[in-house]
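Student: just need the structure, nothing else, for what follows:
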Amino acid sequence: MESVLDYIKQNRDRFEEDLFELLRIPSISTDPNHKDDINKAADYIADNLKNAGIDHAEVKPTTGNPVVYAEHCKAGSDKPTVLIYGHYDVQPSDPDELWETPAFEPTVRDGKVYARGASDDKGQVYIHVNSVISWLKSGEELPVNVKFLIEGEEEIGSPSLVPFVQENKDLLSCDMVMVSDTTMYDEDQPSITYGLRGLSYMEVYVDGPNRDLHSGAYGGAVQNPLNALCTMIAKLKNEHGEIQIPGFYDKVEQLTPEEREQYRELPYDEQAYKDAIGVDEVFGEKGYSTLERASARPTLDVNGIWGGYQGEGSKTVLPAKAGAKISMRLVPNQDQDEVADLFKKYMHDIAPPGVKVHVEKHHGGTPVKVPLDFEGLQAAADALESVYNVKPLFTREGGSIPIVANFENILGVNTILMGMGLRSDAIHSPNEKFTLKDYHRGIEASARFFKNLAEMNA
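Tutor: Have a look, this model is predicted:
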């Protein structure tokens, strides 16, 4: 291992420049005008791996943007195979005027690189690219078998990835998946995410009269769709934050006493939490802590609402239509389609007379919880502790990474979520950043992870 660690130390500048070159490519998946940049980014990653001496690397087409597939499987069939997943596509940079430096010209300030994609996910996926490169270039053989699957559609919901995984199940066969697309618990406090919430995202439309009506001539005589929608939304949760949809909680996996004790042991400052987001009080489901509510309990939130006049000044109308976008975060045992059906039925049941309701499901994801005794988690935890000199925390995240559940369902394997970003990295926002110290610590941790995993299977 010493020669690998020496190579990592001696090539810090090169690893940074390799990342910076990738960050200069505006591989924005939401904008078709950047199709050439998408292809350029995929080619760049594949070429990096080929030049390092990996057995096989190629850009493979999908029904949408291409994926980078690579493998180095010389450790033998008695050693584990790790599939490393990440994405090279990024969010748009706008509003560009809010960036202190250009979004696609990586700039280092105070030990951090500022650029779109720095943390989400080019910087994090390149941790593992450079970890593998370090093993190969140091003259050592990788102690486990490694495959890469790096996609270009994560920021638009990965529409082509699941069909690709299904069609290439044998090619992608592995013992576990490694993903770095999450955050650490805090600076200098690494963590491993073992649970993700699922998602059911809905849109509700309420139709009333055949046109906008004068509020003086018709007010008080017909149902106002916007009033009706607000009344319906108010019935979705009670004053304690409990969701009122019949059957919503029926399949929810309850937190065990041991899990609740783990939450209580996490370092957490509620006042700092409130200060960071500018609120005086937290709010949520009665009987649970803020951390539990934010990562291990289901939720329902209005993400947007529209209807009626919204221009300058006043316009006295009863709107003909109103709508809202509503998301529900789900926990283990909840099924996104079942929850969507319950939501749809309830919205129809509580709709007042005089309006018509249409409910549409947009997309969703399945919740995931990885067993804490899974050997991959332990190998990753030991690697992080070796680098950070502190035991990593095991946490659950409130967000969703739908492909993790797909890997479990299609490939039949668990995923290790070893994120190296920070919550302050401003992903999807102007001035996105990634701490270079964690970039380099991540490369070492990834290299140690491979060694640990091989020794567990010796």
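
Student: C-alpha only now, for contacts and for neighbours.
Tutor: Noted.

Student: surely Thr193 meets Thr395?
Tutor: Yes. When contacts are counted by CA atoms under 8 Å, Thr193 is listed as touching Thr395 (4.9 Å).

Student: neighbouring contacts of the worst-scoring helix or strand of the chain on mean pLDDT?
Tutor: Least confident helix or strand of the chain, by mean pLDDT, DSSP states H and E, is helix 402-406 with a mean of 89. Helix 402-406 is contacted from outside by 162, 198, 364-368, 415, using CA atoms under 8 Å, 6 or more residues apart in numbering.

Student: what helix or strand does the nearest residue to Ser119 once chain neighbours are set aside sit in?
Tutor: Excluding the flanking residues, the one nearest Ser119 by CA to CA, 6 or more residues apart in numbering is Phe434, at 5.0 Å. Using DSSP states H and E, Phe434 maps to strand 433-435.

Student: quick revisit: list the contacts for the residue nearest to Ser119?
Tutor: Shown here is Phe434, whose contacts under the criterion CA under 8 Å, 6+ apart are 112-114, 118-119, 123, 421-422, 425.

Student: ok, the residue of the chain lying at maximal distance from its centre to Thr316 distance?
Tutor: Distance from the C-alpha centroid of the chain peaks at Ala217, with 49.7 Å (CA atoms, centre = their mean). Ala217 sits at a distance of 10 Å from Thr316 (criterion: CA to CA, to the nearest Å).

Student: list the contacts for the most centrally placed residue in the chain?
Tutor: The centre of the chain sits closest to Ile401, judged by CA atoms, centre = their mean, with a distance of 4.4 Å. Shown in contact with Ile401 (CA under 8 Å, 6+ apart): 196, 198, 365.

Student: from these, which is closest to Trp135?
Tutor: Taking CA to CA as the measure, Trp135 lies nearest Leu196 of these, at 31.1 Å.

Student: doesn't Val67 make contact with Glu154?
Tutor: No. Counting by CA under 8 Å, Glu154 stays clear of Val67, with 10.8 Å between them.

Student: who's more crowded, these two?
Tutor: Set Glu154 next to Val67 and count neighbours by other CA atoms under 10 Å: Val67 wins out with 28 against 23.

Student: name the nearest residue to the more buried one, sequence neighbours excluded.
Tutor: Take Val67 and drop its neighbours on the chain: the residue closest to it by CA to CA, 6+ apart is Glu151, 4.4 Å away.

Student: would you mind measuring from the residue nearest to Ser119 to Asp373?
Tutor: Going from Phe434 to Asp373 by CA to CA gives 30 Å.

Student: same check, this time on Asp207
Tutor: 52 Å.

Student: again with Met232
Tutor: 44 Å.

Student: before we move on, what about Val252?
Tutor: For Val252 relative to Asp373 (CA to CA), the value is 22 Å.

Student: which of these two has more neighbours?
Tutor: Neighbour totals were compared for Val252 and Asp373, and Val252 leads with 17 against 8 (other CA under 10 Å).

Student: how about the more buried one, secondary structure?
Tutor: Under DSSP: H, G, I helix; E, B strand; the rest coil, Val252 falls in the coil class.

Student: quick check: pLDDT value at it.
Tutor: Predicted confidence (pLDDT) for Val252: 98.

Student: nearest spatial neighbour of Glu281, skipping sequence neighbours?
Tutor: Nearest residue to Glu281 in three dimensions, chain neighbours excluded: Lys274, at 6.9 Å (CA to CA, 6+ apart).

Student: returning to what we had before: which of the contacts of Ile401 fall in strands?
Tutor: Secondary structure defined by DSSP state E assigns 196, 198, 365 of those to strands.

Student: neighbour-wise, which of those leads?
Tutor: Leu196 (29 neighbours).

Student: right, and that one touches Glu397 too?
Tutor: Yes. Between Leu196 and Glu397 there is a contact at 5.1 Å, judged by CA under 8 Å.

Student: the helices in the stretch 251-400 of the chain, which residues?
Tutor: Under the criterion DSSP state H, counting those that start in this stretch, helices of the stretch 251-400 of the chain are mapped to 257-265, 270-277, 290-295, 336-350, 375-388.

Student: re the thing from before, for the residue nearest to the centre of the chain, what are phi and psi?
Tutor: Note on Ile401: backbone dihedrals following degrees, to the nearest 10 are phi -130, psi 90.

Student: over to the one 10 residues further on?
Tutor: Summarising the backbone geometry of Leu411 under the convention degrees, to the nearest 10, its torsions are phi -90, psi -20.

Student: avg pLDDT for the host helix or strand of Ala70?
Tutor: In this structure, Ala70 sits in strand 67-72 according to DSSP H and E. For strand 67-72, mean pLDDT rounds to 98.

Student: same check, this time on stretch 303-323
Tutor: Per-residue scores along stretch 303-323 average to 95.

Student: for stretch 41-51, same thing?
Tutor: 97.

Student: okay, it in CSV with CA atoms only?
Tutor: In CSV, the C-alpha atoms belonging to stretch 41-51 read as follows (Å, rounded to 0.1, in the frame of the first residue of the first chain):
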residue,chain,number,x,y,z
ALA,A,41,-16.9,15.0,-21.0
ALA,A,42,-17.6,11.3,-21.5
ASP,A,43,-14.6,11.0,-23.9
TYR,A,44,-12.3,12.8,-21.5
ILE,A,45,-13.1,10.4,-18.6
ALA,A,46,-12.7,7.3,-20.7
ASP,A,47,-9.4,8.6,-22.1
ASN,A,48,-8.1,9.3,-18.6
LEU,A,49,-8.8,5.7,-17.6
LYS,A,50,-7.4,4.2,-20.8
ASN,A,51,-4.2,6.2,-20.4
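
Student: may I see the buried residues of it?
Tutor: Neighbour-count burial for stretch 41-51 flags 41-46, 48-50 (criterion: 16 or more other CA atoms under 10 Å).

Student: ok, now stretch 159-179?
Tutor: Across stretch 159-179, burial judged by 16+ other CA under 10 Å covers 160-161, 164-165, 172-179.

Student: so which of the residues you listed are in strands?
Tutor: 176-179.

Student: which of those residues sits closest to Glu239?
Tutor: So of those, ranked by how close each gets to Glu239 (CA to CA), first place is Val179, at 38.1 Å.

Student: partner strands of the strand holding Phe434, parallel or antiparallel?
Tutor: For strand 433-435, the paired strands and their directions (DSSP bridges) read strand 112-114 (antiparallel).

Student: contacts for the strand it pairs with, please.
Tutor: Contacting residues not belonging to strand 112-114 are listed as 101, 103, 106-108, 431-437 [CA under 8 Å, 6+ apart].

Student: so what does the helix or strand that that strand is followed by touch, helix or strand wise?
Tutor: Next along the chain after strand 112-114, taking DSSP H and E as the criterion, comes helix 122-137. Counting contacts by 3 or more CA pairs under 8 Å, 6 or more residues apart in numbering; DSSP states H and E, helix 122-137 packs against helix 2-10, helix 12-23, helix 35-52, strand 81-87, helix 436-456.
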